[in-house]
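[1] For reference, the sequence and a predicted model appear below.
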Amino acid sequence: MDELEIVANLVRIAEEEGVFGIEVTVQGDAGAARDCRRYSIRLGSSAAPVDLEEAEDEAPLADEAVPTAPSPPAEHIITSPLVGMFHRSSEPGGAALVEVGQMVQEGQPLCCVESLKVFREITSDVAGRIAEIMVRDEEPVDYGRPLVRIICAEDGEDQG
(Lines give C-alpha, C1' and ligand atoms only; values in the text may rest on other atoms or scores of the structure.)
Protein backbone atom coordinates (compact mmCIF):
# COMPACT_ATOMS: atom_id res chain seq x y z
CA MET A 1 0.00 0.00 0.00
CA ASP A 2 1.55 3.32 -1.04
CA GLU A 3 1.38 6.53 1.00
CA LEU A 4 -1.49 8.07 -1.01
CA GLU A 5 -3.63 5.00 -0.31
CA ILE A 6 -2.75 5.24 3.38
CA VAL A 7 -3.68 8.93 3.48
CA ALA A 8 -6.92 8.23 1.56
CA ASN A 9 -7.82 5.53 4.12
CA LEU A 10 -7.09 7.96 6.96
CA VAL A 11 -9.36 10.53 5.33
CA ARG A 12 -12.13 7.95 4.97
CA ILE A 13 -11.83 6.96 8.63
CA ALA A 14 -11.73 10.62 9.71
CA GLU A 15 -14.90 11.36 7.74
CA GLU A 16 -16.66 8.36 9.28
CA GLU A 17 -15.68 9.55 12.77
CA GLY A 18 -16.75 13.15 12.14
CA VAL A 19 -13.25 14.67 12.25
CA PHE A 20 -13.01 18.15 10.71
CA GLY A 21 -9.41 17.97 9.57
CA ILE A 22 -6.35 15.81 9.49
CA GLU A 23 -2.65 16.40 9.05
CA VAL A 24 -0.34 13.57 8.07
CA THR A 25 3.45 13.74 7.89
CA VAL A 26 5.16 10.94 5.96
CA GLN A 27 8.89 10.45 6.54
CA GLY A 28 11.17 8.83 4.03
CA ASP A 29 13.18 5.71 4.81
CA ALA A 30 16.11 7.73 6.13
CA GLY A 31 13.83 9.65 8.52
CA ALA A 32 15.50 12.95 7.64
CA ALA A 33 13.41 16.10 7.78
CA ARG A 34 14.08 16.82 4.11
CA ASP A 35 12.46 13.48 3.18
CA CYS A 36 9.16 14.46 4.86
CA ARG A 37 5.92 15.08 3.01
CA ARG A 38 2.99 16.71 4.80
CA TYR A 39 -0.64 16.37 3.80
CA SER A 40 -3.11 18.84 5.31
CA ILE A 41 -6.72 17.95 4.59
CA ARG A 42 -9.75 19.97 5.62
CA LEU A 43 -12.89 17.89 5.73
CA GLY A 44 -16.23 19.59 5.19
CA SER A 45 -19.78 18.48 5.81
CA SER A 46 -20.31 17.90 2.07
CA ALA A 47 -20.04 14.45 0.57
CA ALA A 48 -17.77 15.71 -2.24
CA PRO A 49 -14.46 13.87 -2.63
CA VAL A 50 -11.53 15.36 -0.76
CA ASP A 51 -8.45 16.48 -2.68
CA LEU A 52 -5.14 15.40 -1.23
CA GLU A 53 -2.70 18.29 -1.46
CA GLU A 54 0.96 17.69 -0.86
CA ALA A 55 2.32 20.64 1.11
CA GLU A 56 6.03 20.91 1.80
CA ASP A 57 6.13 23.58 4.51
CA GLU A 58 2.45 24.37 4.93
CA ALA A 59 1.27 25.55 8.34
CA PRO A 60 -0.95 23.19 10.37
CA LEU A 61 -4.72 23.40 10.03
CA ALA A 62 -6.41 26.54 11.35
CA ASP A 63 -7.46 26.39 15.00
CA GLU A 64 -11.15 26.70 14.15
CA ALA A 65 -10.98 23.74 11.76
CA VAL A 66 -9.81 21.15 14.29
CA PRO A 67 -11.39 20.93 17.73
CA THR A 68 -8.77 20.36 20.39
CA ALA A 69 -9.24 18.51 23.64
CA PRO A 70 -8.01 20.27 26.76
CA SER A 71 -4.50 19.15 27.57
CA PRO A 72 -3.89 17.54 30.95
CA PRO A 73 -2.12 19.70 33.51
CA ALA A 74 1.66 19.55 33.36
CA GLU A 75 3.39 17.55 36.07
CA HIS A 76 6.79 18.17 37.56
CA ILE A 77 8.87 15.74 39.63
CA ILE A 78 11.25 17.01 42.30
CA THR A 79 14.21 14.63 42.63
CA SER A 80 16.84 14.17 45.30
CA PRO A 81 20.02 16.16 44.62
CA LEU A 82 22.08 13.91 46.91
CA VAL A 83 22.22 10.59 48.74
CA GLY A 84 20.82 10.64 52.26
CA MET A 85 17.77 10.19 54.46
CA PHE A 86 14.44 11.74 53.38
CA HIS A 87 12.57 13.88 55.92
CA ARG A 88 9.21 15.62 55.48
CA SER A 89 10.18 18.20 58.13
CA SER A 90 13.16 20.51 58.47
CA GLU A 91 14.10 19.22 61.92
CA PRO A 92 13.68 15.93 63.78
CA GLY A 93 10.17 15.62 65.18
CA GLY A 94 8.97 18.79 63.41
CA ALA A 95 5.80 19.27 61.39
CA ALA A 96 5.77 18.29 57.72
CA LEU A 97 6.71 21.16 55.40
CA VAL A 98 3.97 20.30 52.85
CA GLU A 99 0.95 18.02 52.52
CA VAL A 100 -0.67 16.41 49.48
CA GLY A 101 -3.14 18.84 47.92
CA GLN A 102 -1.34 21.94 49.19
CA MET A 103 -0.48 24.76 46.79
CA VAL A 104 3.23 25.67 46.74
CA GLN A 105 5.21 28.56 45.32
CA GLU A 106 8.44 28.39 43.38
CA GLY A 107 11.29 28.36 45.93
CA GLN A 108 9.12 27.04 48.79
CA PRO A 109 10.73 24.29 50.93
CA LEU A 110 9.10 20.88 50.36
CA CYS A 111 11.22 18.43 52.33
CA CYS A 112 14.78 17.77 53.51
CA VAL A 113 17.46 15.22 52.76
CA GLU A 114 19.83 14.54 55.65
CA SER A 115 23.39 13.69 54.75
CA LEU A 116 26.27 13.55 57.26
CA LYS A 117 23.95 14.92 60.00
CA VAL A 118 23.19 18.02 57.91
CA PHE A 119 19.59 18.70 56.80
CA ARG A 120 19.44 20.14 53.27
CA GLU A 121 16.13 21.76 52.30
CA ILE A 122 14.72 20.72 48.93
CA THR A 123 12.70 23.54 47.39
CA SER A 124 10.13 23.60 44.62
CA ASP A 125 11.31 24.93 41.28
CA VAL A 126 7.70 25.34 40.05
CA ALA A 127 4.44 26.69 41.44
CA GLY A 128 1.60 24.22 41.72
CA ARG A 129 -0.29 21.69 43.81
CA ILE A 130 1.37 18.76 45.62
CA ALA A 131 -0.01 15.63 43.95
CA GLU A 132 2.10 12.99 45.68
CA ILE A 133 4.90 12.61 48.18
CA MET A 134 6.71 9.65 46.68
CA VAL A 135 8.95 8.66 49.62
CA ARG A 136 8.15 7.68 53.20
CA ASP A 137 9.53 9.79 56.03
CA GLU A 138 13.03 8.70 57.11
CA GLU A 139 13.51 6.50 54.05
CA PRO A 140 16.98 6.40 52.45
CA VAL A 141 17.17 8.05 49.03
CA ASP A 142 19.73 8.03 46.23
CA TYR A 143 20.73 10.85 43.91
CA GLY A 144 17.98 11.43 41.32
CA ARG A 145 15.26 9.55 43.24
CA PRO A 146 11.79 11.09 42.67
CA LEU A 147 10.59 12.72 45.91
CA VAL A 148 7.56 14.91 45.21
CA ARG A 149 5.16 15.11 42.24
CA ILE A 150 3.64 18.55 41.57
CA ILE A 151 0.79 19.46 39.21
CA CYS A 152 2.01 22.75 37.75
CA ALA A 153 -0.22 25.78 38.30
CA GLU A 154 -1.93 27.21 35.27
CA ASP A 155 -1.77 30.95 34.61
CA GLY A 156 -4.16 32.76 36.90
CA GLU A 157 -4.64 29.79 39.26
CA ASP A 158 -4.70 30.66 42.95
CA GLN A 159 -1.18 30.22 44.29
CA GLY A 160 -1.97 30.47 47.98
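    Looks like it arrived, so ask away.
[2] Only C-alpha atoms from now on, for both contacts and neighbour counts.
    Fine.
[3] So, low pLDDT: which residues of the chain?
    For the chain, applying pLDDT under 70 flags the ranges 1-4, 7, 18-73, 155-160.
[4] The same query, at a cut-off of 50, please.
    Low-confidence segments of the chain, defined by pLDDT under 50, span residues 46-50, 52, 54-59, 61-63, 159-160.
[5] all helices of it, in order?
    Secondary structure of the chain by DSSP state H: the helices cover 3-17.
[6] quick one, domains of it?
    3-55, 75-152 (automatic domain parsing).
[7] Go through stretch 91-100 and flag the buried ones.
    By neighbour count with 16 or more other Cα atoms under 10 Å, stretch 91-100 contains the buried residues Val98.
[8] ok, residues contacting that stretch?
    Arg88, Ser89, Ser90, Pro109, Leu110, Cys111, Phe119, Arg129, Ile130, Ala131, Glu132, Ile133 (Cα atoms under 8 Å, 6 or more residues apart in numbering).
[9] Could you rerun that using 6 Å?
    Stretch 91-100 is contacted by residues Arg88, Ser89, Leu110, Ile130, Ala131, Glu132 when judged by Cα atoms under 6 Å, 6 or more residues apart in numbering.
[10] Many thanks, we can stop here.
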